[in-house]
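S.K.: Here is the input, now give the coordinates:
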Amino acid sequence: MTRETTLYDAIVVGSGISGGWAAKELCERGLRTLVLEAGGPIGVEDFVEHVQPYEIPFRGLGDRKALERDQPIQSRHPGCDELSYKFFVNDKDNPYTNPKEAPFHWIRGRQVGGRSITWGRQVYRWSDLDFEANAKDGHGNDWPIRYADIAPWYAHVERFIGVSGAKEGFAHLPDGDFLPPMAMTVVEQHAREKIHAAFGGERVMTIGRTAVLTQDHNGRKACHYCGPCHRGCITHSYFNSIGSTLPAARNTGKLTLRPNSVVAEILYDSKRGRARGVRVIDAQTFKETEFEARVVFLCASAIESTRILLNSRGTSFPDGLGNSSGMLGRYVMDHHFGSGASGRMPGFTDKRTIGARPNGTYIARFRNVKTPHPDFLRGYGIEGRSYRAGWARGSSMPGYGAEFKESLIYDLGAWIISAMPYGETLPHQDNRVTLDPIVKDKWGIPAARIDVRWRENERAMDKDMMTSAAEMLEAAGCKDVHARFAQQPPGQCVHEMGGARMSHTPKDGVLNKWNQAWDATNLFVTDGACMASSACQNPSITYMALTARAAAHAVAEMKRGAI
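M.R.: Now for the predicted structure:
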């Protein structure tokens, strides 16, 4: 093992959504920052959104034998296809375990940019309805922050990444600093009006709030609606760390980016009571190296950051660094989804869409906002979209030749509207991550053992999600409405949170209100691991805002000599 001779001001573990923001904020505040990424380098040449099915061997359907052999878990994600599979980990090299009766789909991306390349790009602020929920209903611990603490940082993030959306004035889903919204289709506008009238304005269909540009912004081009965003974007029209935060960090001259660097543990200086650096295993050579810094930001994703902390064991912390409370690894959450509805909207067949809009519609939470629901706590938001059965329907239709192809293009099918609710998960201490005592990854690091289960509140909410989605589509005028009850396993939503939660006191959690570890104040955890509850909104913008806020605090504390 070698020890890095250069003492960095900061080390950031991970280069995805949170890690990219940590790098940008720390570098722009003058810190010499080392970013460690477990995967390999990625450049714009690796983005393949414009490659056509006829240009690849399996016509976009994928090499099923290779996927089943190397990526049996990753390939369950709809974005893991014949071209984008390289943005998802090899499951054989990166194993994890779970109880047989508690399946968990851990979807991961190990490359520069992490999952910021393949994320869904939906961004919704939280409100005090979310930050106060634990305290009010007694599930989980009270958040040590409120909306007022993070609101300026939401705005800071939105102004940089570019978020398109429509202002609706919801108190429980605050408006942001938006670029012009994407246009809703004619049937979505129709459905919006009908639903608004049917439910007295309580339920409002709006265009999704998305980190995709509708106009040129910060040197990046507006989206041209090509469609497959999960394969990358050569124009950087959607936010990812490769096209936005990492270049901003690099422009300061303060960034050192080191790919293929698998962080095994945080190193702890027991004499000083602080983290002194990290132990890294080279992903290709397996050579071990130690890097040191004044401050460490752990941004490897919720479960991976938790695993690193659990593996950071020593005399001072035999059960993992940050685990003096016994809370490390507990209260892991994900959003539950799968139950919803779809229906056919009659008419409007003279209307069609142009391009592939990388966004859908959103109906903000309406359950347990003003009136308590008798069957469950918390609530859900509904993502949806409308489309006409188009070119792809030819795969299941008889015919060939120019005339057949022309009919697929110009004689489109009926309009379809879908509604997919995403529900909040209650924090539960037995939903947890531990280290597997036997299984290790390719680099000899103990694998995560994940035991996360849906419980009665989630099951009750799922039934209501299905019912309310169907009744709204019927109110909108849809016919042949099909409601479905289908619970995807935890992890499938790729919104995993918790494991190193924030808390008011050291006995209740792992991190304080600034995302600092109670056990080592120069260690910050700002990815999904820090979350004390899940709300029902897509969580990534909250990670970004918390990261920017924590970085500003870290630099201020360093300047006054506190860390």
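S.K.: Tell me, how many residues neighbour the residue nearest to residue 385 when sequence neighbours are not counted?
M.R.: Leaving aside its sequence neighbours, residue 385 sits nearest to residue 360 (Cβ to Cβ, 6 or more residues apart in numbering; 3.8 Å). Placement of C-beta: from N, CA and C, glycine included. As a burial measure, residue 360 scores 22 neighbours (other Cβ atoms under 10 Å).
S.K.: Can you classify the closest residue to residue 414 other than its chain neighbours as helix, strand or coil?
M.R.: Using Cβ to Cβ, 6+ apart and skipping the chain neighbours, the partner closest in space to residue 414 is residue 344 (5.1 Å). What DSSP: H, G, I helix; E, B strand; the rest coil gives for residue 344 is strand.
S.K.: Could you give the bridge partners of residue 344?
M.R.: Residue 344 forms beta bridges with residue 416, residue 479, as assigned by DSSP bridges.
S.K.: re the thing from before, if I pick the residue nearest to residue 385, what's in contact with it?
M.R.: 208, 383, 384, 385 (Cβ atoms under 8 Å, 6 or more residues apart in numbering).
S.K.: Neighbour-wise, which one of those leads?
M.R.: Most surrounded of these: other Cβ under 10 Å gives residue 208, at 26 neighbours.
S.K.: That one touches residue 358, doesn't it?
M.R.: No: the criterion here is Cβ atoms under 8 Å, and residue 208 misses it with residue 358 at 9.3 Å.
S.K.: What does residue 554 show for phi and psi?
M.R.: Phi and psi for residue 554, reported as degrees, to the nearest 10, are phi -60, psi -50.
S.K.: That one and residue 32: what is the separation?
M.R.: 14 Å (Cβ to Cβ, to the nearest Å).
S.K.: Give me the more crowded residue out of those two.
M.R.: Between residue 554 and residue 32, residue 554 has the larger neighbour count (other Cβ under 10 Å), namely 31 against 18.
S.K.: element containing the nearest residue to the more buried one once chain neighbours are set aside, please.
M.R.: Among residues not flanking residue 554 along the chain, residue 295 sits closest, at 5.3 Å (Cβ to Cβ, 6+ apart). According to DSSP states H and E, residue 295 maps onto strand 288-298.
S.K.: What pairs with that strand, parallel or antiparallel?
M.R.: Partners of strand 288-298 in the sheet, by DSSP bridges, are strand 2-13 (parallel), strand 274-282 (antiparallel), strand 520-525 (parallel).
S.K.: ok, residue 474 - contacts?
M.R.: Here residue 474 is in contact with 343, 481 (criterion: Cβ under 8 Å, 6+ apart).
S.K.: What about residue 63? Give its phi and psi, please.
M.R.: The phi/psi pair for residue 63 (degrees, to the nearest 10) is phi -80, psi 100.
S.K.: and the residue lying closest to it once chain neighbours are set aside, what does it touch?
M.R.: Using Cβ to Cβ, 6+ apart and skipping the chain neighbours, the partner closest in space to residue 63 is residue 82 (6.7 Å). For residue 82, the contact set (Cβ under 8 Å, 6+ apart) comprises 56, 57, 58, 59, 60, 61, 62, 63.
S.K.: What is the burial count for the second one?
M.R.: Neighbour count of residue 57, defined by other Cβ under 10 Å: 9.
S.K.: from what I can see it touches residue 51, true?
M.R.: No: counting by Cβ under 8 Å, residue 51 is not a contact partner of residue 57; they are 11.7 Å apart.
S.K.: confidence score at the closest residue to residue 491 other than its chain neighbours?
M.R.: Take residue 491 and drop its neighbours on the chain: the residue closest to it by Cβ to Cβ, 6+ apart is residue 105, 4.0 Å away. At residue 105, the model reports a pLDDT of 98.
S.K.: again, but for the one 10 residues further on
M.R.: Residue 115 is assigned a pLDDT of 98 by the prediction.
S.K.: isn't it right up against residue 301?
M.R.: Yes: with contact defined as Cβ under 8 Å, residue 115 and residue 301 form a contacting pair (7.1 Å).
S.K.: of the two, who's got more company?
M.R.: residue 301 (28 against 23).
S.K.: for that one, what are its contacts?
M.R.: When contacts are counted by Cβ under 8 Å, 6+ apart, residue 301 touches 14, 16, 108, 114, 115, 496, 527, 528, 529.
S.K.: so which of those comes closest to residue 414?
M.R.: Nearest to residue 414 among the contacts of residue 301 is residue 115, at 35.0 Å by Cβ to Cβ.
S.K.: what residues are up against the nearest residue to that closest one once chain neighbours are set aside?
M.R.: Excluding its sequence neighbours, the residue lying closest to residue 115 (Cβ to Cβ, 6+ apart) is residue 109, at 4.3 Å. With contact taken as Cβ under 8 Å, 6+ apart, residue 109 is in contact with 16, 39, 87, 88, 89, 115, 117, 118.
S.K.: make it 7 Å
M.R.: 87, 88, 89, 115, 117, 118 (Cβ atoms under 7 Å, 6 or more residues apart in numbering).
S.K.: How many neighbouring residues does the fifth one have?
M.R.: Looking back up the chat, that one is residue 117. For residue 117, the neighbour count with other Cβ under 10 Å is 29.
S.K.: right, and it touches residue 241 too?
M.R.: No: between residue 117 and residue 241 there is no contact under Cβ atoms under 7 Å: 8.5 Å.
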